[in-house]
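Asker: Got a predicted structure here, sequence first:
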2 protein chains.
Amino acid sequence: MSLAGRATRVRERLVDLDALLISDLTNIRWLTGFTGSNGWVVLTANGLALITDGRYGEQANQQMAAAGVVGEVLVGRTSDAVLAHLVAATGRHRHVGFEAAHVSYQQHAAWVAAFSTTLRPSAGIVEAERRVKDDGEIEAMAQACRIADQALAEVAPLLGTGLTEAQVRNLLEIRMRELGATGPSYDTIVATGPTNAALPHHRPTDALIREGHTVIIDVGALVDGYHSDMTRSFVIGEPSRLQRELYELVLAAQLAGVAAVGPGVRCRDLDAVCRGVIAEAGYGDWFSHGTGHGVGLLIHEDPYSNATSEASLQVGDVVTVEPGVYREGFGGVRVEDLVVVTSTGCRVLTASAKDSPCPPSPPTT
Amino acid sequence: MSLAGRATRVRERLVDLDALLISDLTNIRWLTGFTGSNGWVVLTANGLALITDGRYGEQANQQMAAAGVVGEVLVGRTSDAVLAHLVAATGRHRHVGFEAAHVSYQQHAAWVAAFSTTLRPSAGIVEAERRVKDDGEIEAMAQACRIADQALAEVAPLLGTGLTEAQVRNLLEIRMRELGATGPSYDTIVATGPTNAALPHHRPTDALIREGHTVIIDVGALVDGYHSDMTRSFVIGEPSRLQRELYELVLAAQLAGVAAVGPGVRCRDLDAVCRGVIAEAGYGDWFSHGTGHGVGLLIHEDPYSNATSEASLQVGDVVTVEPGVYREGFGGVRVEDLVVVTSTGCRVLTASAKDSPCPPSPPTT
């Protein structure tokens, strides 16, 4: 993936800044290809300096070269030496911005004491460019979706055959690795039964998946640093009337949400579409989270779709649509797809079947 | 694990504060057992309030009850509602501290605008208690070490039998899961050959592990949220003179470091012990990182052992000792153990063999 044009796109946003001091490691990765755990970038009209510690100097040079990014790497072997590089790289500039959402109060105070230039808070400059995915990024995420689809297709028939939540999680994560993922996109959720499935973000336990349970599986893969995100819900055995009713309700809400996605759509309106379907059926209180979020190098990033979101969708956004209902004693149902916003609506990247709450039959051996 | 006494220990550190607003999710997990991805705690002389969003209300109540922690859970379904809870929970207190290292400049500015009380920066209050591990925490980490030891014992004999870095990583991570780990402690490092092994934090690729390579494997397991951390290095085939010399040098430095660990020892002195051995042999420039770090609910936490560290070791610290040498064209060697500081020195939690750079022979089938 060539990242060569990204610095130029960010420079165009530095309207009244001579330099931007970038701290967020995801922004740095997007901009330079550098994946180390410690680093800063000083971006100016003509230059890009990546400052890191002794563990990462060689790696930073390799990764920037591989990504086609022009810039210099400055290595400080101690935190004082790193700070000295930051002071030197910013010192000759008058209007230097810093990422106010990614710099701690304490870090800012230390910088103010050490820097010879005044730092100005800035917000979302790199993120505004990073949010819109290019073809290479979308293909990495589509590949991550295909891997998760395939893993789930192999594991779903085993639900209800005596496996625990943790065993299902392990099978999914191992299979995704074998299919070429760098790893899971996040801690895979497998939540079964009236108590565990009532928690939207349950962590898998040794609980057995039993007849009569609702089961929520939230699974994604990681490919080249890019995430996928998908949820499917199941009922083990013959669904009860309530289980079937709520499954169909959530599915209807989710389909309505996907149909509503398109450029210019306000994220709060997308949320209202899904929420409206569920509220109208009388289950508004059971839908206890937002409708979705952006996905990319982070599993959760802008834009967020919830009742108070100020964002609107744009072409190239990759977002989830994931309404759900949860109640202790019942369990839960969530259906989630990952979609990329296109000029005419959206393209759905996740392809696992969602028309029925019944898992496919186990293979006969 | 009962966490009941932890709030009391932190309260004793609130010397001139009436309340502490805790933002760091690791501190919150340590204090309350809550593992959600969004939450704040307001800790006062008599109370503890956990504020979270709609995804996590039920989970927070369950986890605090399971941990024996007394407190209330306040749920805000929107970020505005969460902020209102924070304002209400702090408003009746005069001296309210916030975690200056864990609150962004932007978050602080928003709080200043919304809060009715003045916020005071504080640093490391919870961390000072969290750093010292109790028996339950040490046992979780010892179990994580045993799992990584076992996985490496099974996989090390396969080095040089035609596997790639990524395949070795997959085998290790799958085996740790099967042995009971929640997952890997961090992205497992498998780095082979003159270029990849020269990067201390290389990510596994499809590079084949070949005769003549140095191979660095840095692998740990996660158990109940607690991490292990261990590195072993290997030479495939008969080691060259330089490979053997550097392996023995790093091992000598590492053994000297472990022998130097004990309560009251300054972390910079521990670093100097390892660095001195390597520098004396003329390879000081090849040792491009610090000697170690604390490990617990985070893979990297206080205390850090490097040339500028201000910390001293104390009983209950769990730290790594991990000198290494790296050079493009040669590759690298790192040897790392995880140790717990005891009243008489330390106990080494990682047990994998390190006396030789040669991997065990592959099993004959």
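Answerer: Yep, it's here.
Asker: Can you pull up the most central residue in chain A?
Answerer: Centroid-nearest residue in chain A: A:I299, 1.7 Å away (criterion: C-alpha atoms, centre = their mean).
Asker: so what's that residue up against?
Answerer: A:S185, A:Y186, A:G220, A:H227, A:D229 (C-beta atoms under 8 Å, 6 or more residues apart in numbering or on different chains). C-beta here means a position set from N, CA and C on the backbone, and glycine is covered the same way.
Asker: Just confirm A:T90 contacts A:L21, I think it does.
Answerer: Yes - with contact defined as C-beta atoms under 8 Å, A:T90 counts as touching A:L21 (6.1 Å).
Asker: Please enumerate the shared neighbours of these two.
Answerer: A:V42, A:V96.
Asker: so does the helix or strand harbouring A:A81 get close to chain B?
Answerer: Using DSSP states H and E, A:A81 sits within helix A:79-91. Yes - Helix A:79-91 is in contact with chain B by C-beta under 8 Å from any C-beta of the partner chain, via A:S79, A:D80.
Asker: same question, stretch A:331-338
Answerer: No - remark: stretch A:331-338 sits outside contact range of chain B, by C-beta under 8 Å from any C-beta, the gap being at least 10.6 Å.
Asker: Put the alpha carbons of that stretch into PDB.
Answerer: Provided in PDB are the C-alpha atoms of stretch A:331-338 (Å, rounded to 0.1, in the frame of the first residue of the first chain):
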ATOM      1  CA  GLY A 331     -30.500 -13.000  26.600                       C
ATOM      2  CA  GLY A 332     -29.900 -10.900  23.600                       C
ATOM      3  CA  VAL A 333     -29.900 -10.500  19.800                       C
ATOM      4  CA  ARG A 334     -27.600  -8.300  17.700                       C
ATOM      5  CA  VAL A 335     -27.100  -8.300  14.000                       C
ATOM      6  CA  GLU A 336     -24.200  -6.300  12.600                       C
ATOM      7  CA  ASP A 337     -22.700  -5.700   9.200                       C
ATOM      8  CA  LEU A 338     -19.800  -3.700   8.000                       C
END
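Asker: circling back to that earlier point, let me know the pLDDT of the residue nearest to the centre of chain A.
Answerer: For A:I299, the model assigns a pLDDT of 97.
Asker: For it, grab phi and psi.
Answerer: phi -80, psi -30 (degrees, to the nearest 10).
Asker: circling back to that earlier point, cross the contacts of A:I299 against strands and list the overlap.
Answerer: A:H227 (DSSP state E).
Asker: min pLDDT across the contacts of A:I299, which one?
Answerer: Comparing the contacts of A:I299 by pLDDT, A:Y186 comes last, at 93.
Asker: give the contact list for it.
Answerer: A:Y186 sits in contact with A:G220, A:H227, A:D229, A:I299, where contact means C-beta under 8 Å, 6+ apart.
Asker: Going by distance to chain B, which of those wins?
Answerer: Taking C-beta to the nearest C-beta as the measure, chain B lies nearest A:I299 of the contacts of A:Y186, at 9.9 Å.
Asker: tell me which parts of the stretch 1-150 of chain A are close to chain B?
Answerer: Going by C-beta under 8 Å from any C-beta, the residues of the stretch 1-150 of chain A near chain B are A:35-37, A:53-59, A:62, A:77-80, A:98, A:100-109, A:121, A:123.
Asker: From those, list the buried ones, please.
Answerer: Buried members of those, counted by 16 or more other C-beta atoms under 10 Å in any protein chain shown: A:35-36, A:53-59, A:62, A:77, A:79, A:98, A:100-108.
Asker: Helices - which of those residues land there?
Answerer: In this view, those that belong to helices under DSSP state H are A:G57, A:E58, A:Q59, A:Q62, A:S79, A:Y105, A:Q106, A:Q107, A:H108.
Asker: From B:A221, how far out is the first one?
Answerer: In this structure, A:G57 lies at 30 Å from B:A221, with C-beta to C-beta, to the nearest Å as the measure.
Asker: cool, the fifth one as well?
Answerer: Between A:S79 and B:A221 the distance, using C-beta to C-beta, works out to 29 Å.
Asker: One more: the third one?
Answerer: In this structure, A:Q59 lies at 25 Å from B:A221, with C-beta to C-beta as the measure.
Asker: Which of the three states applies to the residue in the stretch 201-350 of chain A that chain B sits nearest to?
Answerer: Among all residues of the stretch 201-350 of chain A, A:S288 sits closest to chain B, at 3.6 Å; criterion: C-beta to the nearest C-beta. Put simply, A:S288 is coil when judged by DSSP: H, G, I helix; E, B strand; the rest coil.
Asker: cool, and A:V333?
Answerer: Three-state call for A:V333 (three-state DSSP): strand.
Asker: surely it meets A:Y247?
Answerer: Yes - contact criterion C-beta under 8 Å: A:V333 and A:Y247 qualify, at 5.3 Å.
Asker: These two - which one has more neighbours?
Answerer: A:V333 (29 against 22; other C-beta atoms under 10 Å in any protein chain shown).
Asker: Quick one: residues contacting that one.
Answerer: So A:V333 contacts A:T214, A:I216, A:S233, A:Q243, A:L246, A:Y247, A:V250, A:G324, A:V325, A:P357 (C-beta under 8 Å, 6+ apart).
Asker: before we move on, what about A:E336?
Answerer: Contacts of A:E336 (C-beta under 8 Å, 6+ apart): A:D218, A:D229, A:M230, A:T231, A:R232, A:Q254, A:G292, A:T320, A:V321, A:E322, A:G324, A:T350.
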